[in-house]
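Engineer: Predicted model follows, preceded by the sequence.
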Amino acid sequence: MMLEVRRVSKSLGSFSLRDVSFSVEKGDYFILLGESGAGKSVVLETIAGLMVPDSGTIHYNGRDITREKIQNRRIGLVFQDHAAFPHLTVAENLSYALYGALISKSEKDERVKAIAGELGIGELLARKPGSLSGGELQRMVLGRTLIQKPGILLLDEPLSSLDTRLRSDLRTLLRSLHRNGQTILHVTHDYEEALTLGTRVAVIHQGSIIQSGTPSEVFQRPASEFVAHFVGVKNYFPAKLETSNNTSYAFTDNNFAVRIVTDIPSGEGFVLIRGEDILLSDTPVETSATNNFQGTVLEIINNAYGTDVIIDAGIELHALVTPDSVEKLGLRAGKTCWVHFKATAVKFIKR
Amino acid sequence: MISRFSAIHLTFLLLGSLILLFIVAPLAGMFLNTTPLQVFETAREAEVRDSIWLTIYTSLAGTLVFSVAAIPLAYILARKQFPMKKIVTGIIDLPVVIPHSAAGIALLGFVSRESALGKAGSVVGLDFVGHPAGIAIAMAFVSIPFLINAARDGFSGVPVRLEKAALTLGASPFRVFFTISLPLAWRNILSGLILMFARGMSEFGAVIVVAYHPMITPVLIYERFGSFGLKYARPVAVLFILISLALFVVLRWVAKEKSSEVAR
């Protein structure tokens, strides 16, 4: 176990963190998922040592670091607001953590150049942070932390301040870091990041962790209505996108084809369909929807947000409808029905 | 804005002009009553030159020596909460509000040969009374609040997050202070140093009690006025004002260049 957070509590005015426990294994890409104000940043700052918990312990590589000084932890934290040093150049920001390291000046320069090249900011070394764009800043502070080769990398909402294209670039970068063995603890409010990046997910709500597991465990079997509602999408499938003659289809693992409208040409990723976007009927009616499948009702579950009807239509689909509709259509387990959803309601996110 | 003069604006403008006149008129009068030749002649007097040089270097020395402890104090005041902090900040402002001749009397007791500091000084053959060191102490006493307050404002403006970020990168608190906090607060600290230096140079009350001799320029001006009258005091005053102004214009300009470089 690389990082173990045990029953950490911290009271901060009206907000409090209660009994937070989770552990991160070496090589994990651990996502801590929660709404803003759920306490995600507090968890990270406690691990990095910016705050001391009121109770509970934090173990890192088998050592109790709960009360260890920040500068002795050597845990890499990338701040959500960057915290770039405005008076230092990009190169000086990057090399900040190398002070005192027993390496020569030329080796330091080499390492700065190497990390800057890896992050695509090699041309910016002489610039000051004030003249960088949001994406460049994000890369610089990431490099500033990575240069000290931290055992674990803590990321606080690293993608939230970026536009869509930069976000996808940085996502690719983070994935390759992880593939090269970097253990990452990543905090976010965006379930898409959890889906596309995480190997493990924990959901935090009002200062407590309410569910944790692999992404498919958390997304497909939410343990509470809050999780179900928050992660929102139960219909998500790994899929391969193929486009020909301006028509795109996403093929799931069992080769089920879903018609989709997207500007992404092709590639691996996930198909997402919200339960609210799926219509049910008992006969094959004509609608504007281009995805129409026949299926069998597997289960009907009532919850606070409506009724979740689970249908096997080749893939397992969750449709969120009102209890009235269930009654009108006479839906029950084993009954045959039709599912319809528009190609524009299908979302594809690239891996 | 300017084109729409209302009654209130006109009234305030008039009152404001009176204040400006009040500041400019006596100075202008003094300058007009002094010929460049007189100033030039005065500048050639060794007594005058020595006193101006003494004033500059005692104030500079006082500022630099005391800044070594004043800047860390400002940092503590900006960052830490502690019991009776209000009292401490009140104490720091004391030299500004007490009469400076009274401050001089208090200091004289503190540095005289009978005091602990005076005894310590005489061991190494240093008598603060009537010595440039005593002048520097008197100048620093009355001007140090300017440095502490400016530096405290500077440090308050440095985000704590940046210091914490530096700590997460493995830097020691000392290194964080010297590489992050100090450079980022430098603009304010520098302007505090200039202010302290300027205030020290213009000090009269506290210095004259601690050291009439050697004579700093404000004391020399007073002495010439007392012994020979207004006419003889004027050229020294004009010369000292000119030098002070030139000095501060240059210092301000250098400070501005420096700090805009940091900000860029």
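Structural biologist: That came in fine, so what should we check first?
Engineer: ok, now which ones touch whichever residue of the stretch 1-150 of chain B sits closest to chain A?
Structural biologist: Nearest to chain A, among the residues of the stretch 1-150 of chain B, is B:R79, at 14.7 Å (C-beta to the nearest C-beta). Glycine gets a C-beta too; all of them are placed from N, C-alpha and C. Applying C-beta atoms under 8 Å, 6 or more residues apart in numbering or on different chains, one finds that B:R79 lies in contact with B:F155, B:V160.
Engineer: at 6 Å instead, please
Structural biologist: By C-beta atoms under 6 Å, 6 or more residues apart in numbering or on different chains, no residues touch B:R79.
Engineer: One more: A:G314?
Structural biologist: A:G314 neighbours (C-beta under 6 Å, 6+ apart): A:F256.
Engineer: Quick check: B:D127 vs B:I135, distance?
Structural biologist: According to C-beta to C-beta, to the nearest Å, B:D127 and B:I135 sit 12 Å apart.
Engineer: Which one's more surrounded, those two?
Structural biologist: Under the neighbour definition other C-beta atoms under 10 Å in any protein chain shown, B:D127 and B:I135 were set side by side, and B:I135 has more, 30 against 14.
Engineer: Roughly how far does that one sit from B:A206?
Structural biologist: 9 Å.
Engineer: Ok, B:I19 next?
Structural biologist: 28 Å.
Engineer: So these two - more neighbours on which side?
Structural biologist: Regarding B:I19 and B:A206, a neighbour count based on other C-beta under 10 Å identifies B:A206 as having more, with 29 against 9.
Engineer: Is it correct that that one falls within a helix?
Structural biologist: Yes: under DSSP: H, G, I helix; E, B strand; the rest coil, B:A206 sits within a helix.
Engineer: who's in contact with the residue nearest to B:D93 when sequence neighbours are not counted?
Structural biologist: If the residues on either side of it in the chain are set aside, B:D93 comes closest to B:P145, at 5.4 Å by C-beta to C-beta, 6 or more residues apart in numbering or on different chains. Counting by C-beta under 6 Å, 6+ apart, B:P145 makes contact with B:I92, B:D93, B:P95, B:V96.
Engineer: Likewise for B:I92?
Structural biologist: B:P145, B:I148.
Engineer: How far off centre is the helix or strand where it lies?
Structural biologist: Per DSSP states H and E: B:I92 is located in helix B:85-97. Chain-centre distance of helix B:85-97: 17 Å, with C-alpha atoms, centre = their mean, to the nearest Å.
Engineer: Buried by neighbour count: which residues of that helix qualify?
Structural biologist: B:I92, B:P95 (16 or more other C-beta atoms under 10 Å in any protein chain shown).
Engineer: How confident was the prediction at whichever residue of the stretch 251-351 of chain A sits closest to chain B?
Structural biologist: Nearest residue of the stretch 251-351 of chain A to chain B (C-beta to the nearest C-beta) works out as A:R351 at 30.7 Å. You'll see A:R351 listed with a pLDDT of 71.
Engineer: Find the residue ranges of chain B scoring beneath the pLDDT cut-off.
Structural biologist: The model of chain B has pLDDT under 70 over residues B:1-4, B:258-264.
Engineer: Where does the residue nearest to B:D93 sit: helix, strand or coil?
Structural biologist: helix.
Engineer: At the contact with chain A, which residues of chain B appear?
Structural biologist: Contact residues, chain B versus chain A (C-beta under 6 Å from any C-beta of the partner chain): B:R161, B:L162, B:K164, B:A165, B:L167, B:T168, B:L169, B:G170, B:P183, B:L184, B:V262, B:R264.
Engineer: and if we set it to 8 Å?
Structural biologist: Neighbours of chain A within chain B, by C-beta under 8 Å from any C-beta of the partner chain: B:159, B:161-162, B:164-173, B:175, B:179-180, B:183-184, B:262-264.
Engineer: Now tell me what touches stretch B:118-133 from outside.
Structural biologist: With C-beta under 8 Å, 6+ apart, stretch B:118-133 has contacts from B:54, B:57-58, B:61, B:108, B:111-113, B:117, B:134, B:137, B:210-214.
Engineer: mind running it again at 10 Å?
Structural biologist: Residues outside stretch B:118-133 that contact it (C-beta atoms under 10 Å, 6 or more residues apart in numbering or on different chains): B:54, B:57-58, B:61-62, B:65, B:107-113, B:115, B:117, B:134-138, B:209-214, B:216.
Engineer: least trustworthy helix or strand in chain A by mean pLDDT?
Structural biologist: helix A:225-231 (a mean of 72; mean pLDDT, DSSP states H and E).
Engineer: Which helix or strand lies directly C-terminal to it?
Structural biologist: Immediately after helix A:225-231, counting by DSSP H and E, sits strand A:235-244.
Engineer: got the CA positions of that next one in CSV?
Structural biologist: C-alpha atoms of strand A:235-244 as CSV (Å, rounded to 0.1, in the frame of the first residue of the first chain):
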residue,chain,number,x,y,z
ASN,A,235,-25.4,3.7,-19.8
TYR,A,236,-21.7,3.8,-20.6
PHE,A,237,-19.8,1.3,-22.7
PRO,A,238,-16.3,1.0,-24.0
ALA,A,239,-16.7,1.4,-27.7
LYS,A,240,-14.9,1.9,-31.0
LEU,A,241,-16.0,4.8,-33.2
GLU,A,242,-16.1,4.3,-37.0
THR,A,243,-17.1,7.0,-39.5
SER,A,244,-17.8,6.5,-43.2
